[in-house]
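*Asks:* Predicted model, plus sequence, below.
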Amino acid sequence: MRVSFQWLCELAGIDDLTPQEVAQTLTMAGWTVEELKLIDLSQIRVGRIISQEPHPASKKPLWVHMVDLGDEQRQVVAGAANAVVGSLVPVALPGTTVPSGVKVRDGSIAGFEARGMLCSQAELELSDEHDGIMLLDSGEPGQPLSAIVPSDAILEVEVTPNRPDCLCHLGLARELAAARGRRLKHDFMPLFTGGIEPPGTDLVSIAIEDPRFCRRYIGAVVSDIRVGPSPRWLQRRLRGVGVRPISNVVDITNYVALEYGQPLHAFDLDRLSARRIGVRQAREAEHLLCLDGQDRQLAPDSFVITDGDQPVALAGLIGGAETAVQVGTTQILLEAANFEGIAVRSMSRRLKLRTEASGRFEKNISPELALAGARRAAELLREVCGAKVHTSWAEAYPRPQEPVPVRFRPERIDAILGVHVPLEEMEAILDRLGFQVRVETEGEWYVLPPVFRLDVTTVQDVAEEVGRIYGYHNVPATLPGRRRSSWRAATPSVERRLDPCRQVLAGAGFDEVVTPTLVASEMLRRLGLDGRALRLVNPLSDDQDTLRTSLLPSLLKVAQLQRKHGREASRLFEIGRAYLRSREDSEEPEEQPDEPQLLGVLSTGHEGADAARKAFYELKGGLERAVNALAPARLRFERAEDRLYHPGRTARILSGREAIGCIGELHPTTSQAFGLPGRAVAAQLDVAPLLELDPIRKVKALLRYPAVTRDLAVVVPVDLEAATLAGAIRSTGGELLTDAVAFDDYRGSQVTEGRKSVAFGLTFRSPARTLTDEEVDTRLEQIRAVLSQRFAASFRD
Amino acid sequence: MIDFEQTAAEARNLIAEASQAAELERLRIHYLGARGVLAPPDFTQLATGERQAAGRAYNLAKRSLQEALAQRLDELRRRQLAGLANMERIDVTLPGQPPQLGRLHVLTVVQREIETVMERMGYQVEIGPEVETDWYNFEALNLPRGHASRDMQETFFLNESETLVLRTHTSPMQIRTMLKYGEPPIYAAMPGRVYRQEATDASHLAQFMQVEALAVDVGITVGDLKGTVQYFSQSLWDEERRVRFRPSYFPYTEPSFEFDVSCMVCGGRGCRSCGGDGWLEAGGCGMVHPAVLRNGNIDPEHYSGFAWGFGIERIAMLKYGVEDLRLFYENDHRFLEQF
């Protein structure tokens, strides 16, 4: 909210603080001042135009003025012609910086000496009006401008949504005064109630159909109005806080909203033919031409103000065009009402219309404010427009605000804050904020919040009030901790448990990446990954409208980006979640989805089938090592198929019997979809089953007796897999065979077409004795026999 | 019989002239080998009285040769080593060849630093779902439907009935953790991804990371919150850090605060990073609202608590001078390689 320093200090009765001090005080009391703009007019002088000549040579229209500044005359050049001989204008002399930030220099413009600048309102930050030079009503040449137009400062204050009572100058003035140890002199409830006959109640009637929506409606009749521009001081205040002056009646309603926080509306009473004001739900097919020129279709979930049966305003949002105040209006009905926040908010959201009024109502303001606002506006209408305010305002108040006292022992406040606030001080703080405090029997306090505060209902709320005015810098910093007989054992987090896995992969040359959750549904659909995808109802854009179901596309997109920026081969991994619609759910999800934590690895930029084959085994080895860092478990790999992967180079990854992921070379079409020309290998697996494995390693005793190693080259048909051979070798080798690892896979001129040679390194060892060559050779023969019998294997030396 | 003395003198000359270790070995074999020139005297051929002298002479000669060999070998080795500098000199200023290492992502590193400090303070790290129900994300946190405060957090919805949302903050984990633990003491740190339906630019992302910390115990005060946030900030940055509490509003805490940390760039004097006032906005915090405690099945009459939270990217930005949030999620190698 934009706040005028000068307006605020006037209401707060403060005249000894700088704008910076006010900003600091408000900030530390809970009203963060996000921006402070100084409008210092003391350096600007009043000048009178003595002569004005068009510039003879310039292509742009320019005027050369001679200006009287009291003690001297100066020549200045301006681009606007509206300041004529005799006009009083603000003049900035060379060396000064005007509030908008322009520094005025001595110089010449198009050959004419220019020794100052005539200022527009925008240059002085008095309004957005930048066409033409500002013209003054009064003033003496040479006077500082601040003698005519007071200097000010504009504070951009962040008002939290629980405090609509502070969306106005009076509310913040009370806070400022309280924080400075003073009590606001200004009374919350103005006394003026009008005095002209006939009574307003004879002129209009009010009926509320739904008291849950409308708690209160006051309609004051004001006559003898002459609609015209507002006086300068009023216009200036509105402009200062960014509101465009329209006419005296409208300006006053806006002014009161900015001062008291109560939205008001003025109807042209002569255009309310029935003079029976109602508040009801809109009907199907009803519509209303609004003040902003839009004709809005209404529905029963909106509320309208009616005259007779005719809608004349959208309750809490905007008035109707037909009944608006205009030039020639002589009588008005001044509306000061209270509407329920949730309903106003949902109307505002649905109609996509946010107004100054709806922004206040949706935060639930006090119905007591309606009367205060109406009285203040009536007072101003009388003073400013010379209007006559009728006595006895029509009113319906079906749901009066009940007082909500808070009872507590003051020690509770100390216990919440962690500091002892002396009782007198606590009471003084609450008093300054408008609370009534009564000490009851046995030291219990009865605290009644001011009527405009609906947010204070508990002792915690009161503690906040005391604390922020007492000052949190006065609360000593302590650490929690006490002798305790119960506690919770510390266990490492999931992420920390996964760190060894991250470190192994990083050590193996893979960069960890962190990619966005939101991806394009279209991309998932093309890749066939959209089966259990969850789409957003309200995405920001098409390329982030769905939750990712796999890390693979995200990794590929990173490789694509890296390639664009010059990296031909990317080695990447991510540990992150996928989001899969619950299996019980239909298209419209109701259940929370599965969020498996996945490990994805990608290696790109491999040229040709051989390089990719090598990359596959490197990736597989890296992955096994990474998984081994989590738990001493072995992964198993089985040939598998997946549409994103190469049909002959893909395996399912198993932990125990559970399939946990997939590894393989990517299908050429997958890589191409991401504009990656070379071959790529990738793997993805679910880490949850791995975290369930026993991470404890049991060390084996070191064997005293030497191992005997033998190599065995087995020639078999190409489609027979090494794992099958290794299984047969292990089971035949018995317990003396401690290891059998395939280390070479050869196809070529040395073996027959359709066959391959797989070389195994076999290790034999006994814990009890040194093995003899004969023993080992016997075993080896048995193995050969089994392999030739079962797989028609032959052997190479 | 040879003259031991003379043979040894000859041999010593040859040894002194030898310039290779191999040559010395040849000389050793020639003189001292099994059939070497300097063979032991044949005592059978000697008179009893001469035997002793011959034996002594032989031993003296043999020992002198052995010593000469060892000394010369040592000299040769030393000479060879002295020449190493010239023979095997390398340019030590050429660049090193690093192993091909990958890197952990900066967000992982910073998150772990934060968790480490919190764990040292006795907080248990907890994680939870990112797709939340309306109840956990809003309702249980004192943010009823239609409440204007919901506008503070623009929300992504996953169904038309708006019962499933992408969590807008890590605060639903307050409820989940209270329900999981059952009874205080509860000290938990809850990091994770959160989402806001906001247009993306250098300082806003639709997705970012937060850490939430929750303490529920007997007699927890605002002072405890202040001390905890201060201790944390000093541990994460340095001992010079001061913390400032500005009163604020969150529906799930009462009282509520924004906390600022004294600027680590200028030390609090005021600079461009902190916008001139010496303080950097760091996060939000407050005393857990009694209604929130009740929703977590904790009796607010017996226990009180505080919660505080902040963005991880913001910490990383301050720490490493990153000026555009989007860099964290783009994973351009030219960015990643700098860590």
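*Replies:* Structure received. Residues are numbered from 1 along each chain as shown, chains lettered A, B, ... in the order given.

*Asks:* domain assignment for chain A?
*Replies:* Using automatic domain parsing, the domain ranges for chain A come out as A:2-39+A:154-179, A:45-151, A:200-396, A:406-474, A:494-691, A:708-796.

*Asks:* At the geometric centre of chain A, which residue do we find?
*Replies:* With the centre of chain A defined as its mean C-alpha position, the nearest residue by C-alpha atoms, centre = their mean is A:Leu540, 13.3 Å away.

*Asks:* Read off the pLDDT value for it.
*Replies:* Among the per-residue scores, A:Leu540 shows a pLDDT of 94.

*Asks:* Then A:Leu703?
*Replies:* Looking at A:Leu703, its pLDDT is 83.

*Asks:* which ones are touching it?
*Replies:* Contact criterion C-beta atoms under 8 Å, 6 or more residues apart in numbering or on different chains gives A:Arg765, A:Pro767 as the residues in contact with A:Leu703. Any C-beta I mention is one placed from the backbone N, CA and C, and that applies to glycine too.

*Asks:* Please report the distance of it from chain B.
*Replies:* A:Leu703 sits 32 Å away from chain B, taking C-beta to the nearest C-beta, to the nearest Å as the criterion.

*Asks:* so that residue, which of the three states?
*Replies:* The three-state label for A:Leu703, taken from DSSP: H, G, I helix; E, B strand; the rest coil, comes out as coil.

*Asks:* Identify the bridge partners of A:Met117.
*Replies:* Here A:Met117 sits in beta bridges with A:Ala92, as judged by DSSP bridges.

*Asks:* correct me, but it touches A:Ser100?
*Replies:* No: distance between A:Met117 and A:Ser100: 11.1 Å, which falls outside the contact criterion (C-beta atoms under 8 Å).

*Asks:* Comparing those two, which residue is more hemmed in?
*Replies:* Neighbour comparison, A:Met117 and A:Ser100: the larger count goes to A:Met117, with 23 against 16 (by other C-beta atoms under 10 Å in any protein chain shown).

*Asks:* Against A:Met189, how distant is the closest residue to A:Val494 other than its chain neighbours?
*Replies:* Leaving aside its chain neighbours, A:Val494 sits nearest to B:Ile127 (6.1 Å; criterion: C-beta to C-beta, 6 or more residues apart in numbering or on different chains). B:Ile127 sits 53 Å away from A:Met189, going by C-beta to C-beta, to the nearest Å.

*Asks:* do A:Arg496 as well
*Replies:* Distance of A:Arg496 to A:Met189, given as C-beta to C-beta: 61 Å.

*Asks:* Give me the more crowded residue out of these two.
*Replies:* Neighbours around A:Arg496 and A:Met189, counted as other C-beta under 10 Å, are more numerous at A:Arg496. The numbers are 14 against 11.

*Asks:* Could you tell me the phi and psi values at the more buried one?
*Replies:* Phi and psi for A:Arg496, reported as degrees, to the nearest 10, are phi -70, psi -40.

*Asks:* And it, what's its pLDDT?
*Replies:* If you check A:Arg496, the pLDDT there is 92.

*Asks:* rewinding a little: find residues that contact each of A:Met117 and A:Ser100.
*Replies:* Contact criterion C-beta under 8 Å, 6+ apart; residues bridging A:Met117 and A:Ser100 by contacting each: A:Glu123.

*Asks:* how far away is the one residue in the stretch 101-250 of chain A that gets nearest to chain B from B:Pro290?
*Replies:* Residue nearest to chain B within the stretch 101-250 of chain A (C-beta to the nearest C-beta): A:Thr160, separated by 3.4 Å. As defined by C-beta to C-beta, A:Thr160 lies at a distance of 19 Å from B:Pro290.

*Asks:* A:Ser230 too?
*Replies:* Taking C-beta to C-beta as the measure, A:Ser230 falls 48 Å from B:Pro290.

*Asks:* the more surrounded of these two?
*Replies:* Each of A:Ser230 and B:Pro290 had its neighbours counted (other C-beta under 10 Å), and the higher figure belongs to A:Ser230 (23 against 19).

*Asks:* Can you give me every residue that contacts that one?
*Replies:* For A:Ser230, the contacting residues are A:Leu238, A:Pro245, A:Ser247, A:Asn248, A:Asp251, A:Ile252, A:Val384, taking C-beta under 8 Å, 6+ apart as the criterion.

*Asks:* try 7 Å this time
*Replies:* Shown in contact with A:Ser230 (C-beta atoms under 7 Å, 6 or more residues apart in numbering or on different chains): A:Pro245, A:Asn248, A:Asp251, A:Val384.

*Asks:* tell me which element A:Val89 is part of?
*Replies:* Applying DSSP states H and E as the criterion places A:Val89 in strand A:88-92.

*Asks:* surely B:Thr168 meets B:Asn137?
*Replies:* Yes: counting by C-beta atoms under 7 Å, a contact exists between B:Thr168 and B:Asn137, whose distance comes to 6.2 Å.

*Asks:* low-scoring stretches of chain B, by residue?
*Replies:* Counting by pLDDT under 70, chain B contains low-confidence ranges at B:1.

*Asks:* where do the strands sit along it?
*Replies:* With DSSP state E applied, chain B shows strands at B:124-125, B:131-133, B:164-166, B:186-195, B:207-217, B:243-250, B:253-262, B:279-288, B:304-311, listed in chain order.
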